[in-house]
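>>> coords below, sequence missing:
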């Protein structure tokens, strides 16, 4: 770890020295965007949708080239980003809380200091759902049931150490209720099991249930305010439960980016946040947008890391 | 429920999507006609290349290849007594004697018409059965899916025929491969040796290309086939419409063969060759002139060919509805669906109706096109394909395999992995270990493990939860029947033999 930090600093210093000379005409070659997932997945769609807008705001004929490096839940791609030259010509997609959780549950070739945080773009809030014929149709009933019969409520969700899992942990810590986790290999099979009534509740993301409101009871949305994506669904806060959690996807660059390059990229992402055309394109691909840039994004990541670390120390999930 | 079926039709008739089926059928006949090359191999090699295509174009080609190859296998079976695909073994029984008598052309015409009829019946079965089944699949929770996987594994080991112990060893190898990668529940590494590339497990496509494509190619290069050319005198060259009336008496055989083929296709494990054998035996048993069978009875060709095509589309019924493929080819096609981000299961019918129903239409069109494209004129030229230089063919396929596998994730690691599986496949082939159990072991093993663990979590550690509902109980009973059935049958058979001897 120390060696990695040393390397990063060293590389950073070198790049800073070189940066001054080259930054005037940044970008003068194509910028590679490394996506740690297959083409066509949620993260890939975000990258490809955002790319032309970033090109527009960087100006000067900038071009972004998306490169998919799938594998190991995005870890192969993000490790590549962390270890590439911090010259602004390699950026990558970044998923929360997954990328931070992976630094805890396995040996990772990066940590939270390995990146220059550009912007989080998507925030897909968690929702709690129950099968349509279930008696548990409000969050209060759910909490009551799980408190009276500890472990009797089975929770279908996608893998451990993901946003769904942290959502459940927040709920457990907040209420003292106990649940039995049933981690499916993805949201789609979890949702199918819910529709078949094989598990008693599920934690999904709002983009995954928006079209299924007729077939599932949605108990609430874990977002501070109602989602522009599904405005009919009430938040948990409205119902007196302070639950906010979600799956986030954004862009990072390697740590030690030359300051002016970083500024230029941040400026482009800031402009992205106000682009209606971009918002529409994202809405069309079922991606709820919440742009958080620069230092705020770094702080957000740090908070999530601390939460994950606390959970990991108390109840490691593998 | 069937409304989506009609609305998918215009999409399928579009030029590119239709052209894909046509190309697929032609390619399939060519591949099937090459001894050693099978539909599974052709589709495995193709899958990585379909990545950049529209889903329906890719699926149309696969449907076409599947149908084409099942018929193509009959060409060398009739002309040379070399089955082009394993499924065409039963076609040699009467097809080759017919060719010896100078009726090779008629035999191929009977084969193409029968293949087409089998394929059409199978496509209809898929269209009619899959949509209602996809509604029922919501009943399949983790414990039911676990039993389906166990049933599938048991069928492939015990029903495939041949040596049960070797089948079991093959299946175990497949299940072991399924264990490599991160643990499905906790995400901890298993047998990855620190390789990040192995963390997601071994891709079915890589295993398939290695296992199914490399050994036949080595074979192609190893043993030059001496054909002495196929003389056109053996063929007989009546146009196909003239010989059609003589086939109308086969309808019973066609009907029986179709039903057998469709049923075998739905069952996990067994494949086209078993369907063809069963159909051939049944047809001979009920024939008025069983003594002529094996001496050049056209109805024998009809029986075999109708059944080996009737298992094509029906093999996709469990694959599309439950995500559990019944045959190796269906497994490759699932790989093709997954590569396009299409997750099989009930949601597929809902979220991508055009694609899933379009795919069904493509099976139907593929089967119909078979008669047109594989008709008398074309059959002559396909027969000449056998004279292509085999080393050239082999090297072209190897090149396609390497490029294809590399392009899936763009990494050499996968290529080495594929070559490793190829070596294993070649050794297994030489030692007569069956390959389909490896493939299904990989797929079903992963299913069984994950769903067993989910089911036990849902039952909170109570094993009786696995037997707690009727669907599970039926599946358990079926599994027991598959395992015990053949043993009892053999016992009874042996006793009868003894009685006769005494």
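Done, it's in. Note that the coordinates shown come from a computational prediction; the quantities given were computed from them, not determined experimentally.
>>> What is the burial count for residue 313?
No chain specified, so I'll use chain A. By the criterion of other CB atoms under 10 Å in any protein chain shown, residue A:313 has 9 neighbours. Glycine gets a C-beta too; all of them are placed from N, C-alpha and C.
>>> you looked at the wrong chain, it should be chain B
Neighbours of residue B:313 under the rule other CB under 10 Å: 35.
>>> cool, residue B:198 as well?
20.
>>> Not counting its neighbours along the chain, what's nearest it?
residue B:192 (4.1 Å; CB to CB, 6 or more residues apart in numbering or on different chains).
>>> how much space between that neighbour and residue A:99?
From residue B:192 across to residue A:99, the span is 19 Å (CB to CB, to the nearest Å).
>>> try residue B:462
Distance of residue B:462 to residue A:99, computed by CB to CB: 37 Å.
>>> For the two, indicate the residue with more neighbours.
residue A:99 (29 against 11).
>>> any residue of stretch B:39-49 up close to chain A?
No - judged by CB under 8 Å from any CB of the partner chain, stretch B:39-49 makes no contact with chain A; its nearest approach is 12.8 Å.
>>> Quick one: mean pLDDT for that stretch?
Averaged across stretch B:39-49, the pLDDT comes to 80.
>>> Any buried residues in that stretch, and which?
If you call a residue buried by 16 or more other CB atoms under 10 Å in any protein chain shown, then stretch B:39-49 has these buried ones: B:39-48.
>>> Point me to the residue of chain B nearest chain A.
Across chain B, the shortest distance to chain A (CB to the nearest CB) belongs to residue B:141, at 3.2 Å.
>>> and that residue, what does it touch?
By CB atoms under 8 Å, 6 or more residues apart in numbering or on different chains, residue B:141 lies in contact with A:193, A:196, A:198, B:455, B:458.
>>> what's around the last one, how many residues?
Neighbourhood size, residue B:458 [other CB under 10 Å]: 21.
>>> Please name the residues that touch the nearest residue to it once chain neighbours are set aside.
The spatially closest residue to residue B:458, leaving aside those adjacent along the chain, is residue A:154, at 5.1 Å (CB to CB, 6+ apart). The contact partners of residue A:154, by CB under 8 Å, 6+ apart, come to A:179-180, A:182, A:199-201, B:457-458, B:460.
>>> Also residue B:261?
Going by CB under 8 Å, 6+ apart, residue B:261 touches B:118, B:121-122, B:272, B:275-276, B:279, B:306-311, B:314.
>>> so how far is residue B:400 from residue B:119?
Applying CB to CB to residue B:119 and residue B:400 gives a distance of 26 Å.
>>> Settle it for me: which of the two has more neighbours?
The residue with more neighbours, out of residue B:119 and residue B:400, is residue B:119; 36 against 18, by other CB under 10 Å.
>>> What residues sit buried inside the one helix or strand the more buried one maps to?
Here residue B:119 sits within helix B:104-136, counting by DSSP states H and E. Neighbour counts over helix B:104-136 (16+ other CB under 10 Å) mark B:104-127, B:129-131, B:133-134 as buried.
>>> do that helix and chain A meet?
No - judged by CB under 8 Å from any CB, helix B:104-136 stays clear of chain A, getting no closer than 10.0 Å.
>>> average pLDDT for that helix?
Here helix B:104-136 scores 87 as its mean pLDDT.
>>> Show me what secondary structure element comes after it.
Defined by DSSP H and E, the subsequent element after helix B:104-136 is helix B:142-159.
>>> Now do that following helix: which elements does it pack against?
The contact analysis (3 or more CB pairs under 8 Å, 6 or more residues apart in numbering or on different chains; DSSP states H and E) places helix B:142-159 against helix B:164-179, helix B:316-322, helix B:436-458, helix B:470-501.
>>> how about these in TSV, adding mean pLDDT?
Listed next are these as TSV, based on pLDDT from 0 to 100:
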stretch	mean pLDDT
helix B:164-179	92
helix B:316-322	85
helix B:436-458	88
helix B:470-501	83
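>>> Out of those helices, the one nearest residue A:37 is which?
Among these, the nearest to residue A:37 by CB to CB is helix B:436-458 (20.0 Å).
>>> Please name every helix or strand in contact with the closest one.
So helix B:436-458, by 3+ CB pairs under 8 Å, 6+ apart, packs with strand A:180-183, helix B:142-159, helix B:164-179, helix B:204-208, helix B:328-339.
>>> Just checking: what are the partner strands of the shortest one?
Strand A:180-183 pairs in its sheet with strand A:154-157 (parallel), by DSSP bridges.
>>> touching chain A at all, whichever helix or strand residue B:401 is part of?
Assigned by DSSP H and E, residue B:401 belongs to helix B:390-409. Yes - if you take CB under 8 Å from any CB as the test, helix B:390-409 does meet chain A, through residue B:409.
>>> Helix or strand next in line after that helix, which one?
From helix B:390-409, the next helix or strand downstream (DSSP H and E) is helix B:412-430.
>>> what stretches of chain B score poorly on pLDDT?
Residues of chain B meeting the criterion pLDDT under 70: B:1, B:36, B:160-161, B:224-242, B:268-271, B:375-387, B:501-502.
>>> Can you give me the end-to-end span of stretch A:216-225?
21 Å (CA to CA, to the nearest Å).
>>> what does that stretch contact?
The contact list for stretch A:216-225, computed with CB under 8 Å, 6+ apart, reads A:123, A:125-132, A:134, A:136-139, A:142, A:167, A:191, A:194-195, A:201-202, A:206, A:209, A:227, A:230, A:233-239, A:241, A:243-246.
>>> if you look at those residues, which of them are in helices?
Counting by DSSP state H, the contacts of stretch A:216-225 place A:139, A:142, A:167, A:191, A:194-195, A:206, A:209 in helices.
>>> And the residue in the stretch 151-300 of chain A that chain B sits nearest to, its phi and psi?
The nearest approach of the stretch 151-300 of chain A to chain B comes at residue A:198, 3.2 Å away (CB to the nearest CB). Note on residue A:198: its backbone torsions stand at phi -80, psi -20 [degrees, to the nearest 10].
>>> Quick check: it touching residue B:139?
No - between residue A:198 and residue B:139 there is no contact under CB atoms under 8 Å: 9.0 Å.
>>> between the helices and strands packed on helix B:436-458, which one is nearest to residue A:107?
Nearest of the helices and strands packed on helix B:436-458 to residue A:107, taken as CB to CB: helix B:164-179 at 20.6 Å.
>>> and stretch A:248-261, which residues are buried?
A:248-258, A:261.
>>> For it, measure first residue to last.
Distance between the two ends of stretch A:248-261: 24 Å, counting by CA to CA.
>>> For it, what is the distance to the chain centroid?
16 Å (CA atoms, centre = their mean, to the nearest Å).
>>> Please, where are all the helices along the stretch 201-350 of chain B?
Along the stretch 201-350 of chain B, counting by DSSP state H, counting those that start in this stretch, helices occupy B:204-208, B:214-222, B:240-243, B:251-266, B:272-285, B:298-310, B:316-322, B:328-339, B:346-351.
>>> Including distance to residue B:10, could those go into a markdown table?
Shown next, in a markdown table, are the helices of the stretch 201-350 of chain B (distance: least, CB to CB, whole Å):
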| stretch | distance to residue B:10 |
| --- | --- |
| helix B:204-208 | 31 |
| helix B:214-222 | 39 |
| helix B:240-243 | 30 |
| helix B:251-266 | 27 |
| helix B:272-285 | 32 |
| helix B:298-310 | 26 |
| helix B:316-322 | 21 |
| helix B:328-339 | 22 |
| helix B:346-351 | 18 |
